[in-house]
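Novice: generate coordinates for the sequence data below:
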Amino acid sequence: MRRSSLVKTKLSASAAAVALVIATAGPAYGGDEPAPGEAQLHQFAKLPAQTFVPGSEPSGSRLGTAPINGITPPFANQPVQGFSGVLRNADGSFEMLSDNGYGNKANSADFILRIQRVKPNFHTGAVDVVGGINLTDPNNHVPFPLTRPDRVLSGFDFDPESIVRLPDGTYWIGDEFGPFLLHFDCAGRLLSPPVSLPGVFSPENPFRGTTPANLGGSKGFESIAISPDRRTLYPLLEGVVAGDPAGSLRLNEFSVQSGAYTGRTWRYQLENPAYAVADAVMVNQRQILVIERDNNQGDAALFKKIYLADLRDRDGNGAMDKTEVADLLNLANPRGVGGFGDPFRFPFFTIESLLILDNRTLLIANDNNFPLSAGRTPGKPDDNEMIAVRLGTTLDVDHRVLH
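Specialist: Okay, here's the model as predicted:
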């Protein structure tokens with residue numbers, strides 16, 4: 001069998017594998033289904049904050065030596081943290097994209113960019129790290145100097161925040177520093193030069209020269225959605241481009257076949273200009289789920305919601321139509337899943353991984369910003385939490401999205 005056919009076969013089995021994990025990991029859906037318009041915590045698992053890649057290189061040397069939430073840097077190994085994107089695998093595991101490391105370009109030069117592979121056990125509530133790949137540029141596609149001479153990519157080079165996978169097993173990853181789109185093979189090797197978004201420059205963009213930045217720092221591609229036919233990418237900016245209306249974010253269209261932007265754009269309007277988007281995934285050819293959040297954590301967190309947005313703009317106001325499908329700070333939890341009360345709160349500063357498991361169930365994970373975020377318990381670094389959320393709304397899911 002050709003490799004492309006083999007990959008396609010493996011991916012087509014993934015939805016069934018994940019569905020089996022979800023179906024067998026807890027009580028069956030029954031009379032405690034969420035009401036229309038509401039959402040319910042169905043399953044919970046977590047990876048401890050202090051989880052490191054065995055035998056990896058030291059990290060965190062630019063964080064200083066003062067304790068942060070009780071954790072003292074630097075670290076002997078690379079932390080498994082910063083989950084900013086998720087993909088399903090055929091065996092029931094998930095690939096999680098780690099972001100640039102410790103929150104900015106200056107302090108993340110010794111953080112190696114990586115796709116982690118994890119497997120949650122919703123019976124026990126544990127998450128196992130079962131593998132992963134580093135992101136590299138062995139063929140010199142990046143035209144500006146990299147941090148490392150071995151061309152292993154670091155958090156100083158790029159800030160990867162979103163990921164999709166094509167049927168051939170390659171990945172497209174969205175970066176915030178450019179913002180760029182980056183195309184990697186299945187082993188994490190960059191396949192072509194970074195693709196810039198025409199006319200948009202963040203302060204960290206190495207190509208802008210004297211051109212003024214027109215996008216805020218680290219406000220690039222926090223999200224990428226992919227069409228059900230896998231032919232089109234929809235990268236969504238986290239920040240507003242200078243000159244655009246307040247709170248109006250550009251959703252861009254990118255052709256996989258041509259490797260270029262088509263020029264088509266849509267507008268996603270935030271509920272508050274101070275909010276941000278955190279991840280997005282296509283439901284079908286015209287609808288997209290979006291996580292929208294405030295910039296607070298713990299008890300101060302007031303807004304963490306998931307919206308169903310429609311590209312058709314049927315009300316003609318110039319922005320995608322939006323319907324709320326889940327309030328992550330008010331999830332029903334009648335069964336006490338995870339040992340939490342009712343309602344359950346997902347009170348993290350950044351909630352950046354979203355995946356559709358079936359037409360009423362979503363997988364969601366936080367970016368724990370290790371060791372900086374402490375949204376679950378003040379003074380204690382957040383774990384990487386993974387939750388399955390059952391919706392009261394039935395989504396019109398294209399079956400290809402589940403493969």
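Novice: quick check: phi and psi at the spatially most central residue of the chain.
Specialist: Note on the chain: the residue nearest the mean C-alpha position is residue 85, at 2.6 Å, using C-alpha atoms, centre = their mean. Dihedral pair for residue 85: phi -170, psi 150, per degrees, to the nearest 10.
Novice: likewise for residue 39?
Specialist: When read as degrees, to the nearest 10, the backbone of residue 39 gives phi -150, psi 160.
Novice: for it, give me its contacts.
Specialist: 306, 325-327, 331-332, 389-392 (C-beta atoms under 8 Å, 6 or more residues apart in numbering). Glycine gets a C-beta too; all of them are placed from N, C-alpha and C.
Novice: if I look at it, how far off is residue 305?
Specialist: Residue 39 is 10 Å from residue 305, where distance means C-beta to C-beta, to the nearest Å.
Novice: tell me where the stretch 101-250 of the chain has strands.
Specialist: 114-121, 126-134, 160-165, 171-175, 180-184, 195-196, 221-226, 232-237, 248-255 (DSSP state E, counting those that start in this stretch).
Novice: using CSV, please lay out these together with mean neighbour count and mean pLDDT.
Specialist: Formatted as CSV, the strands of the stretch 101-250 of the chain follow (neighbours: other C-beta atoms under 10 Å; pLDDT from 0 to 100):
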stretch, mean neighbour count, mean pLDDT
strand 114-121, 21, 98
strand 126-134, 17, 98
strand 160-165, 26, 97
strand 171-175, 26, 98
strand 180-184, 24, 98
strand 195-196, 18, 98
strand 221-226, 25, 97
strand 232-237, 24, 98
strand 248-255, 19, 98
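Novice: now those in CSV, with distance to residue 287?
Specialist: Output for those, formatted as CSV (distance: least, C-beta to C-beta, whole Å):
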stretch, distance to residue 287
strand 114-121, 27
strand 126-134, 30
strand 160-165, 17
strand 171-175, 20
strand 180-184, 22
strand 195-196, 26
strand 221-226, 10
strand 232-237, 11
strand 248-255, 12
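Novice: quick check: which of those is nearest to residue 51?
Specialist: Across the strands of the stretch 101-250 of the chain, residue 51 has its closest neighbour in strand 126-134 (6.4 Å, C-beta to C-beta).
Novice: run the chain-centre distance for the closest one.
Specialist: Remark: strand 126-134 is offset 16 Å from the chain centroid, using C-alpha atoms, centre = their mean, to the nearest Å.
Novice: just want the angle from that strand to strand 171-175.
Specialist: Computed by axes from the mean of the first three to the mean of the last three C-alpha atoms, to 10 degrees, the angle separating strand 126-134 from strand 171-175 equals 90 degrees.
Novice: give me the residues contacting strand 126-134.
Specialist: Contact with strand 126-134 is made by 45-47, 51, 53, 80, 93, 112-121, 152-153, 187-188, 384, 386, as judged by C-beta under 8 Å, 6+ apart.
Novice: any common contacting residues for residue 39 and residue 305?
Specialist: 326-327.
Novice: secondary structure and distance to residue 65 added to the contacts of residue 39, as CSV?
Specialist: CSV is the format used below for the contacts of residue 39 (DSSP: H, G, I helix; E, B strand; the rest coil; distance: C-beta to C-beta, whole Å):
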residue, secondary structure, distance to residue 65
306, strand, 39
325, strand, 44
326, strand, 41
327, strand, 40
331, strand, 39
332, strand, 44
389, strand, 39
390, strand, 44
391, strand, 45
392, coil, 49
